[in-house]
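Take a look and give me a structure for this.
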Amino acid sequence: MLTVRPVRTSDLPAIERMAVASGIGVTSLPNNREKLFERIQQSVSAFEHEAIGDSGCEYYMFVLEEDGQVLGTASINASAGFDEPFYSYRSEIFVHASRALKVNNRVHVLNMCHDLTGMVQLCGFYVDGHLEPQAAELLSRARLLFIASKRERFGRRVIAEMQGIHDDAGQSPFWNAIGRRFFNMDFLQVEQAFVSHSKTFIAELMPSYPIYVPLLPDEAQHAIGQIHASFERSCQLLCNEGFEADNYIDIFDGGAVLTAEVDRLKTLENSRCYPVEVLASLPEQAQPQLLSNLESSEFAAAVCRVAVVDGVAFINPDAARALGLASGGQVQVVGLQQKESAA
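Just a heads-up that it's a prediction; the model follows:
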């Protein structure tokens, strides 16, 4: 059975493998052993704290596991840019008008900002490509069930950066048109700098004045707000939740930044908590649904058959073991986006 649980230090080799496989531009899953170990340690510490009053620097990393093998990972950053501003471009329209010439032009511009600093951030998503769509849904939405069960730890708004357009050689048309002119660095080089150094270099080197989009090369203009093919599956899952591509794009590759209200996400709106009863034989109306316990360091989520009868969730012993539940416990239940048979 596929399950989602908090990351452990022993998962580092598997996380390294996925960081390599995720490819270029995924700075939230860096191909850097030291940084990955640091993030795992941050996550272990965050999960071990049973009560956190306000959202802060907590970082939660989850893994997707089957038969002891780690097949995916996803994270929550409780407060994007907690220690430094979280930079992005805000997409805006400037109006240039002349009454004398009877000219009124609307011009698309990009303004560097840190409007998104402090928001909850979903990041570091990767699932092995051979897995069925339901596995990606389980991993993506398990994070949201954790937020639902620990609502006091997280803020009101949530964001997710989508990887922008670049080719196999690491050439990003958006970066080449803007960032490279100020950094004199290739996209791959700046990605490593982003992982290894303070993010203040963005403010130090990138232009603080508006970027007039019509002055950019066509290829760069077309890349604005676009999503790399490898992120299409995770993007669709988030859009199904209620995320939208708002007025923000990634400052490096121009990829879309999705935003949403946490409490209006479908997983949070539709999930319910029920007392649990474990039965060897489930009622006929049992259906595959997404389930999780309400724990922190022992958090677990899985797709299992469940029957909710008279306010009680009935699950079988396999599901109870996977979720660390027993009769009399509490379980979160929410319907699936992908209607497929459970493991």
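
how much space is there between the residue of the chain positioned farthest from its centre and R106?
Largest separation from the mean C-alpha position in the chain: A100, at 50.0 Å (Cα atoms, centre = their mean). Distance, A100 to R106, using Cβ to Cβ, to the nearest Å: 19 Å. C-beta here means a position set from N, CA and C on the backbone, and glycine is covered the same way.

One more: E58?
E58 is 42 Å from R106, by Cβ to Cβ.

Same check on Q42?
44 Å.

Settle it for me: which of those two has more neighbours?
For Q42 versus R106, the count of surrounding residues by other Cβ atoms under 10 Å is larger for Q42: 18 against 9.

Which elements pack onto the helix or strand encompassing that one?
Element membership for Q42 (DSSP states H and E) is helix 33-48. In terms of contact count using 3 or more Cβ pairs under 8 Å, 6 or more residues apart in numbering; DSSP states H and E, helix 33-48 is assigned the packing partners strand 3-6, helix 12-22, strand 59-66.

make it 10 Å
strand 3-6, helix 12-22, strand 59-66, strand 69-77, strand 120-127, helix 187-196 (3 or more Cβ pairs under 10 Å, 6 or more residues apart in numbering; DSSP states H and E).

so where do the helices sit in the stretch 51-200 of the chain?
Ranges of helices in the stretch 51-200 of the chain, per DSSP state H, counting those that start in this stretch, are 133-149, 173-177, 179-183, 187-196, 200-205.

Rebuild those helices as TSV, extending it with distance to P217 and mean neighbour count.
TSV is the format used below for those (distance: least, Cβ to Cβ, whole Å; neighbours: other Cβ atoms under 10 Å):
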stretch	distance to P217	mean neighbour count
helix 133-149	34	23
helix 173-177	5	24
helix 179-183	12	16
helix 187-196	15	17
helix 200-205	21	14
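
among the ones you listed, which is nearest G118?
helix 133-149 (15.7 Å; Cβ to Cβ).

Tell me what angle the closest one forms with helix 33-48.
The directions of helix 133-149 and helix 33-48 differ by 50 degrees, with axes from the mean of the first three to the mean of the last three Cα atoms, to 10 degrees as the criterion.

OK, contacts around the residue nearest the centre of the chain?
In the chain, the residue lying closest to the centroid (Cα atoms, centre = their mean) is L122, at 2.6 Å. Contact analysis of L122 by Cβ atoms under 10 Å, 6 or more residues apart in numbering lists 28, 74-77, 80, 140, 143-144, 147, 158-161, 234, 238, 241, 243, 258, 260.

beta partners for it?
Going by DSSP bridges, L122 is paired in beta bridges with I76.

quick one, phi psi at the residue lying closest to Q285 once chain neighbours are set aside?
For Q285, ignoring the flanking residues on the chain, the nearest one in space by Cβ to Cβ, 6 or more residues apart in numbering is A307 at 5.1 Å. The phi/psi pair for A307 (degrees, to the nearest 10) reads phi -120, psi 120.

likewise the one 5 residues further on?
Backbone torsions for V312, taken as degrees, to the nearest 10, come to phi -120, psi 140.

the inter-axis angle of the one helix or strand V331 maps to versus helix 133-149?
Secondary structure assigned from DSSP H and E places V331 in strand 330-334. Interaxial angle of strand 330-334 relative to helix 133-149 (the same axes, to 10 degrees): 130 degrees.

Can you list the strands that strand 330-334 pairs with?
When pairing is defined by DSSP bridges, strand 330-334 lines up against strand 272-278 (antiparallel), strand 287-292 (antiparallel).

Any idea which of these gets closest to D186?
The nearest among the strands paired with strand 330-334, by Cβ to Cβ, is strand 287-292 at 41.3 Å.

tell me which residues of that closest one are tucked away?
For strand 287-292, the buried set under the neighbour-count rule, 16 or more other Cβ atoms under 10 Å, comprises P288, Q289, L290, L291, S292.

which stretches of this protein have low pLDDT?
Counting by pLDDT under 70, the chain has low-confidence residues at 24-27, 50-56, 194-200, 338-343.
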